[in-house]
Every structure is written in C-alpha cells, then in structure tokens.
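Student: quick check, what structure comes out for this input:
(chains A and B)
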Amino acid sequence: MSAPQPPMGLLAELSHRCPLACPYCSNPLELERPRGELTAEEWLRVIDEAAELGVLQIHFSGGEPTLRRDLEQLIARAREQEVYSNLITAGVLLDRARIDALAAAGLEHVQLSIQDSRAASADTIGGYKGGHARKLEVARMVRAAGLPLTINAVVHRQNLDHLEEIVELAVELDAVRLEVAHTQYYGWAYANRAALMPSREQVEHANAVVAAAKERLKGVLTIDYVVPDYYAKRPKACMGGWGRQFLNVTPTGKVLPCHAAESITDMTFETVRERPLAAIWEDGPAFERFRGTAWMPEPCRSCERREIDFGGCRCQAFALTGDAAATDPACGKSPEHASMVGLAETESAADTRDFVYRTMGRKERAGRVD
Amino acid sequence: MSAGLDDAGVPRLGRGVRLKHDRARGQWVLLAPERVLVPDDTALEVLQRVDGARTVSDIVSALAAEYDAPAETIRADVLALLQDLSEKGFVTA
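Tutor: Residues are numbered from 1 along each chain as shown, chains lettered A, B, ... in the order given. Okay, the predicted model is just below:
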C-alpha cells in the first residue's frame, strides 16, 4: 500500500479534566489521570511534528483545555509553525484577561459549547450550576477580543425542541459558525442512550429547522450539522475515513484515529512518547487496521459508496455488533440495521430523563432535566 | 451581508479565514474555522488579491491585464466566485 496522504487536522486533548459532566461526553469511559499528562515540552514536540507532517489545523481540546496553564505556549508554537489554532472549550473557566492572553499568543478561533438555549436545562445537562450564564458572558468576551466564534450544541431528546432558539442565540452572540451535532452513541452517550435518544419526529423537525436556517442565514452564520444516524439510510463518512484526514492525541500521548477509538476494546494504540507522530500515522497498526477498503466485509467491499462513506463508523459498529469491522448498522444494507432502528424507536419513547454523569475520582451522580 | 458585492465593493477574507501555502502538499489552502478549502487556480488568483483594500473592479482590472482577457468575462467570473465564497463564509463584502 502506498504512503497515506498527510492528515489535515489534529485534535489535541490536553487534559481529560473538566468542570462540566455532560452525559454525552466524548471522552472515554476510563478517563486519563492528570499525573500522566504530557508535559509542555512534549506537546511542543508534538506540534512541531504535526506541522512537519502536514497538519493544517490543531484543535486544542479536552476535557477542558484551559485548565492547562501552558496553553498559551502551545498556541504560540502552533502560530510559529503557521498551523491554524482552534480552542474547543466549555468556557466557564475563562475571563477577559485569559482570553486576551490566548489571542495575543496567536489563537485564531474559539469553539464554545452550550448545552441548551435555556439556562436551567443547560446547567442540568452540563452538571454545572451557573454555567450557561457564564458561557454567554464568555462568548461576548471572545468577540470583544476580536476572535471569531463557533457555538457548538450537542443535541438530543432533552434539548432538540429548542433548536430554533439555539440558532437565534448563535446569531445574537455574533458567532460566525454554529455546529449542531446530534449525540453520537458510544462511550458516555451510549450509557445514557435511553435518556438522550430523540424520536423520529423530533429528528425530522430538527432537519427542517436546520435546512431553513442554513438558507436564511447564508453569509451570516455557517451551520454545520452532524446527522443523527440511528434514523439514517446511509452511514456518515466518519472522520472522512479512518486514517485519511485526522488524528487525535490523548492527554497521555496516545495517538488515535478518532477521539472515540478507545471504545473499541481490542485495539492497542502507540504513544508520542514511543514513536514520532509521522511514523505512527504512516504505518501504526491502529491506523492501518481500517485504512482504505481492503479490510471491508461485504456488503461494503463491493459497494459503490465504499469510498464515499468508508463503511461508516467503526466505533458504532463495535458498540452495536461487537465487531469493529462490521458494516456500520446505520447503513440500510447492514443486517443489523432494522434492529438498530427498532432500538432507537423504543429508547426514544423511554420515560427516563435521568442521566449518569461522567466524573473523575468521585462517586457517580445522577440528574435530570425537569 | 452577501449583498454589496459590486464593482466598488471591497471584499475581504471572512473572520478567522487565512490563505496559506501548504508545503506538505505543494498547494494553497484557505483555512477557516474548522474547515479547509483548496481553491482551484482561478479562485486562488482572485483570493490572492482579496486584501481588504482592493475593490472588485481593481481585482478585475488586474486580472484582465495579467491574462490579457476581456474585463467583462472576468468580471462575471469574479463576482460569481466571490458571491459563492461569501455565502459559505470564506469572504465578506
């Protein structure tokens, strides 16, 4: 097989620590401890190696990346290397001085999460009292510092009916982009699926709201929409194809083909402490495993869409079938498709609204949106 | 916002948008919030002249002179391109 094209983007998870406890958190069930986190020196080397490899954008994320006091230093290095730096944050720990310092270091864009358009519900979903109000202040500070803003909203049964308000809020906050992401059901979200799964009617309404807003707000607000694939006919082209465009470095330096890849329990991942990033990207076993089309089973292997959706999402295939190489059940051609849709319909009608929150070193808490 | 793209309009790159030469792939790329666009040759010629100072007609004249082509044809192409980039958030008028 020829050498892979270089990756476009790197998700740098600086820490799994986070003040929020969202029930759909994309971090793994087993969070990495602060003690093992990469040092600033190690991250600087990763940034240099990423730039050399051809990475164009680094997304500083977490957990909550602003918990790292060396974030400014890392952003400055990305800038020096002419790599576009993006901060993905919950925002609640930021103040104007820190935002100015991040901007001065060369930060180019901020993605701020919100949990809902309504404060009471948002604070319950995020498990952080006063969080929503603080986020609105932070959004305004980000704009006042001259930084472009994306609002990110993960949507599910308990906030999906507020989608019009979420769009209006993004416009009011002078965001340049809104990301509406339907919850992806692995990790924490899988554990909370019955409390999160939207009904088919909710999803159809949301699709119409997004389509209308995209048209109406052309040139004002770019809206990216991550589709809810439990009700889809074709799977998403997850990560633009495994090992094709993106890589992810965890707080302790593990290099993953996607941020959820650790949910596939029979995989091993190399770390940036063991080998250079370029070597891991080029022939690391985790990247090679599902790269290209040779690994595919039928019906993917002979499917005319095999290089359009790349067989869908490996993590979802594993979560629902126990086989990471199976056709993503989101695909209508998967033998598991009907049972996946049935499961979504059943769970969307579940009367539970209770969440299991992610925690680190604390006892699990439960909560609900009333 | 997409209105206002006429001859006297001064296009500029959108918020958080930057044109960069990508050494690893030997091409120019337009970097934007969580998006990357690889402009074709024509788009690149226009984008390299979008500096927040030149008007649309400055850009059209410069391209007409450089490629020895009729300004009317170039004008139509430039306006269509800027309109499209503007609707996608890469350029503002």
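Student: center of chain B - which residue?
Tutor: Centroid-nearest residue in chain B, with C-alpha atoms, centre = their mean: residue B:47, separated by 3.3 Å.
Student: the nearest residue in space to residue A:6 that is not next to it in sequence: neighbour count?
Tutor: Among residues not flanking residue A:6 along the chain, residue A:54 sits closest, at 3.0 Å (C-beta to C-beta, 6 or more residues apart in numbering or on different chains). For every residue, glycine as well, the C-beta is placed using N, CA and C. Using other C-beta atoms under 10 Å in any protein chain shown, residue A:54 has 17 neighbouring residues.
Student: dihedrals phi and psi, residue A:54?
Tutor: phi 110, psi 10 (degrees, to the nearest 10).
Student: and it, what does it touch?
Tutor: By C-beta atoms under 8 Å, 6 or more residues apart in numbering or on different chains, residue A:54 lies in contact with A:6-8, B:22-25.
Student: are we agreed that residue B:15 is in a helix?
Tutor: No - using DSSP: H, G, I helix; E, B strand; the rest coil, the assignment for residue B:15 is coil, not a helix.
Student: does it touch residue A:176 like I think?
Tutor: Yes - taking C-beta atoms under 8 Å as the definition, residue B:15 is a contact partner of residue A:176 at 4.8 Å.
Student: more neighbours, the two?
Tutor: Between residue B:15 and residue A:176, counted using other C-beta under 10 Å, the more crowded position is residue A:176 (23 against 20).
Student: for the more buried one, phi and psi?
Tutor: According to degrees, to the nearest 10, residue A:176 has phi -90, psi -20.
Student: from residue A:110, how far out is it?
Tutor: Separation of residue A:176 from residue A:110 (C-beta to C-beta, to the nearest Å): 10 Å.
Student: helices along chain A, start to end?
Tutor: Applying DSSP state H to chain A gives helices spanning A:40-53, A:71-80, A:96-105, A:119-126, A:131-144, A:163-172, A:188-191, A:193-196, A:200-216, A:277-283, A:285-289, A:314-321, A:337-348.
Student: so which of those comes closest to chain B?
Tutor: helix A:40-53 (7.0 Å; C-beta to the nearest C-beta).
Student: just the mean pLDDT for that closest one, thanks.
Tutor: With pLDDT averaged residue by residue, helix A:40-53 scores 98.
Student: quick one: that helix to helix A:71-80, angle?
Tutor: Here helix A:40-53 points in a direction 20 degrees away from that of helix A:71-80 (axes from the mean of the first three to the mean of the last three C-alpha atoms, to 10 degrees).
Student: please identify the buried residues of helix A:40-53?
Tutor: The neighbour-count criterion (16 or more other C-beta atoms under 10 Å in any protein chain shown) identifies A:40, A:42-51, A:53 as the buried residues of helix A:40-53.
Student: repeat for stretch A:161-180
Tutor: For stretch A:161-180, by 16+ other C-beta under 10 Å, it's A:162-163, A:166-167, A:169-170, A:173-180.
Student: I'd like the residues you listed as JSON lines, with distance to residue B:78 appended.
Tutor: As requested, the buried residues of stretch A:161-180 are exported to JSON lines (distance: C-beta to C-beta, whole Å):
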{"residue": "A:162", "distance to residue B:78": "41"}
{"residue": "A:163", "distance to residue B:78": "37"}
{"residue": "A:166", "distance to residue B:78": "36"}
{"residue": "A:167", "distance to residue B:78": "32"}
{"residue": "A:169", "distance to residue B:78": "36"}
{"residue": "A:170", "distance to residue B:78": "31"}
{"residue": "A:173", "distance to residue B:78": "33"}
{"residue": "A:174", "distance to residue B:78": "28"}
{"residue": "A:175", "distance to residue B:78": "28"}
{"residue": "A:176", "distance to residue B:78": "23"}
{"residue": "A:177", "distance to residue B:78": "25"}
{"residue": "A:178", "distance to residue B:78": "29"}
{"residue": "A:179", "distance to residue B:78": "31"}
{"residue": "A:180", "distance to residue B:78": "33"}
